[in-house]
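*Asks:* Generate coordinates for the sequence data below:
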Amino acid sequence: MLQEQTVAPDFTLDSDQGERISLSDFRGKKVVVYFYPKDNTPGCTKEACSFRDENAALSMKGAVVVGISPDSVASHAKFRSKFDLPFYLLSDSDHAVSIAYGAWGEKVVCGKTTQGMTRSTFVIDENGTIIKVFPKVKVEGHVGEVLEVL
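*Replies:* Here you go, the predicted model:
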């Protein structure tokens, strides 16, 4: 997993809105990049809705939110619409960005070892430096932790 005080790798991914979005598009703003396993699952929905519910507070702190998962653009579009999410959802279908950030790899789920997304969040400053890494995020209270860092 990437470390704090290192430069966040730039990426360009397809969004739920049919655009190609790059991390560098947000230079000059703080960016909260959160990696999550799957659209429309209980934990991922709760996390997305928490970011939605605190979007005004995040914006007041000069931050934008970007969610990344391996789901398709079509899945993201439905998820975003269903829960009225005010931020981009990006499709990392080949896991390249997730791997680069250390958010994809071996994990144990229900006693089985599998490859998958580790729920994690990176807070990136206006110059593209990672200022906080939240590995293995617990959804409850997480957005509050992010707001404290900002």
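
*Asks:* Just the strands from the chain, written as ranges.
*Replies:* 12-15, 20-22, 30-35, 63-69, 88-91, 104-109, 112-117, 120-124, 130-134 (DSSP state E).

*Asks:* closest to Ala57 out of these?
*Replies:* With C-beta to C-beta as the measure, strand 63-69 is the member of those nearest Ala57 (9.2 Å). Placement of C-beta: from N, CA and C, glycine included.

*Asks:* and the closest one, how far from the chain's centre?
*Replies:* 4 Å (C-alpha atoms, centre = their mean, to the nearest Å).

*Asks:* in this protein, which helix or strand is least confident?
*Replies:* The helix or strand of the chain with the poorest confidence is strand 104-109; it has a mean of 83 (mean pLDDT, DSSP states H and E).

*Asks:* so what does that strand touch, helix or strand wise?
*Replies:* strand 112-117 (3 or more C-beta pairs under 8 Å, 6 or more residues apart in numbering; DSSP states H and E).

*Asks:* Flag every buried residue along the strand it packs on.
*Replies:* Neighbour-count burial for strand 112-117 flags 116-117 (criterion: 16 or more other C-beta atoms under 10 Å).

*Asks:* just checking, what packs against it?
*Replies:* Packing partners of strand 112-117 (3+ C-beta pairs under 8 Å, 6+ apart): strand 104-109.

*Asks:* Can you report how many residues lie near the closest residue in space to Thr129 that isn't next to it in sequence?
*Replies:* Sequence neighbours aside, Val7 is the residue nearest to Thr129 in space, at 5.9 Å (criterion: C-beta to C-beta, 6 or more residues apart in numbering). Neighbour count for Val7, taken as other C-beta atoms under 10 Å: 11.
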